[in-house]
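Participant: With the input below, show me the fold.
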Amino acid sequence: MKTQKTITVTSLIAALFFVALPFSAANAGEVLTAQDHVQMAKHHEALLEEAQVKLAEHLAALEDYEDRPYYYGRRGQDFQSHEKANIREYEKIVAENKAQVELHYKLAAENQEPKFVSGINKTQVN
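Facilitator: Prediction:
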């Protein structure tokens, strides 16, 4: 009975160690500098521009359908619902990328602020 408890406890500790190991290793090397945040913001700006172009295309297609639904025949309502779904999806992507751009610029600005070390001589540390 005692060996069974020992084996169970040992296996649980080992399992917890192996589950926690990737998380600790991933966090240790992920310190982003201000320049990294600016690059990430620019990446999200590019994604934002692409999504806005696609959103404009789908809005134009929907507007064309609503102006002339008789051109689309039987499949017109399917086309309309599909375009509305695409518009919702691209609006969501645009909102997410805007939030990411703002976040990364904010984090970049926070990382560039001068920090002072307390002591006799207050010196600026970058």
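Participant: Residue ranges in this structure under the pLDDT threshold?
Facilitator: Along the chain, the parts satisfying pLDDT under 70 run over 1, 12, 15-30, 113-126.
Participant: Just the helices from it, written as ranges.
Facilitator: Applying DSSP state H to the chain gives helices spanning 2-28, 34-67, 76-112.
Participant: could I get these as JSON lines with mean neighbour count?
Facilitator: In this view, the C-beta of every residue, glycine as well, is placed from N, C-alpha and C. Shown next, in JSON lines, are those (neighbours: other CB atoms under 10 Å):
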{"stretch": "helix 2-28", "mean neighbour count": "9"}
{"stretch": "helix 34-67", "mean neighbour count": "15"}
{"stretch": "helix 76-112", "mean neighbour count": "15"}
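Participant: Pick out the residue nearest the middle of this structure.
Facilitator: Note on the chain: the residue nearest the mean C-alpha position is Gln100, at 6.1 Å, using CA atoms, centre = their mean.
Participant: For that residue, give me its contacts.
Facilitator: The contact partners of Gln100, by CB atoms under 8 Å, 6 or more residues apart in numbering, come to Met40, Ala41, His44.
Participant: And it, how far from His43?
Facilitator: Distance, Gln100 to His43, using CB to CB, to the nearest Å: 9 Å.
Participant: From His43, how far off is His104?
Facilitator: 9 Å.
Participant: no no, Ala108
Facilitator: 13 Å.
Participant: How about Gly76?
Facilitator: Counting by CB to CB - Gly76 and His43 are separated by 38 Å.
Participant: ok, now Lys92?
Facilitator: In this view, Lys92 and His43 are 18 Å apart by CB to CB.
Participant: Equivalent analysis for Asp36, please.
Facilitator: 11 Å.
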